[in-house]
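*Asks:* I'd like to go over a predicted model; first the sequence, then the structure.
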Amino acid sequence: MKVSAELIRDQAKALHDIELTEKRAKELAAEVERLNANVARAAREHFDFDDDPGAFPRILSQLKG
């Protein structure tokens with residue numbers, strides 16, 4: 001899912017009553033996409049379709065070290 005600056009601005013306003021500039025919203029959208037991609041990559045390396053969803057937090061904790 002593409003994370004847009006518009007989504008970031010809307011969520012910042014709706015959830016935290018924060019007004020973001022377009023520039024900052026774009027920066028945050030890029031950062032969220034980067035973080036999402038890293039989590040997805042880590043998950044693919046340790047999970048498959050039939051795994052127990054409850055194992056996800058445990059694996060993330062193990063990866064954290």
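*Replies:* Right, received. Where do you want to start?

*Asks:* Which secondary structure state does the residue of the chain most remote from its centre sit in?
*Replies:* Ranked by distance from the centre of the chain (CA atoms, centre = their mean), the top residue is Asp50, with 22.5 Å. Taking DSSP: H, G, I helix; E, B strand; the rest coil as the rule, one finds Asp50 in the coil state.

*Asks:* who's in contact with it?
*Replies:* Taking CB atoms under 8 Å, 6 or more residues apart in numbering, we find Asp50 in contact with no residue. Backbone N, C-alpha and C define where each C-beta goes, glycine included.

*Asks:* Same check on the one 5 residues further on?
*Replies:* Under the criterion of CB under 8 Å, 6+ apart, the neighbours of Ala55 are Phe47.

*Asks:* Distance of it relative to Val39?
*Replies:* Remark: distance between Ala55 and Val39 (CB to CB, to the nearest Å) = 14 Å.

*Asks:* Buried by neighbour count: which residues of stretch 43-58 qualify?
*Replies:* Of the residues in stretch 43-58, none count as buried by neighbour count, 16 or more other CB atoms under 10 Å.

*Asks:* Which residues does stretch 11-23 contact?
*Replies:* Residues contacting stretch 11-23 (CB under 8 Å, 6+ apart): 5, 8-9, 25, 28.

*Asks:* Test my guess that Phe47 contacts Phe56.
*Replies:* Yes: taking contacts as CB atoms under 8 Å, Phe47 lies within contact range of Phe56: 7.0 Å.

*Asks:* for the chain, longest helix please?
*Replies:* The longest helix of the chain (DSSP state H) is helix 22-46.

*Asks:* For the next helix or strand after that helix, the averaged confidence score.
*Replies:* Following helix 22-46 in sequence order, the next helix or strand is helix 55-64 (DSSP states H and E). For helix 55-64, mean pLDDT rounds to 80.

*Asks:* tell me the angle helix 55-64 makes with helix 22-46.
*Replies:* Counting by axes from the mean of the first three to the mean of the last three CA atoms, to 10 degrees, helix 55-64 lies at 100 degrees to helix 22-46.

*Asks:* for helix 55-64, the distance to its chain's centre please.
*Replies:* 16 Å (CA atoms, centre = their mean, to the nearest Å).
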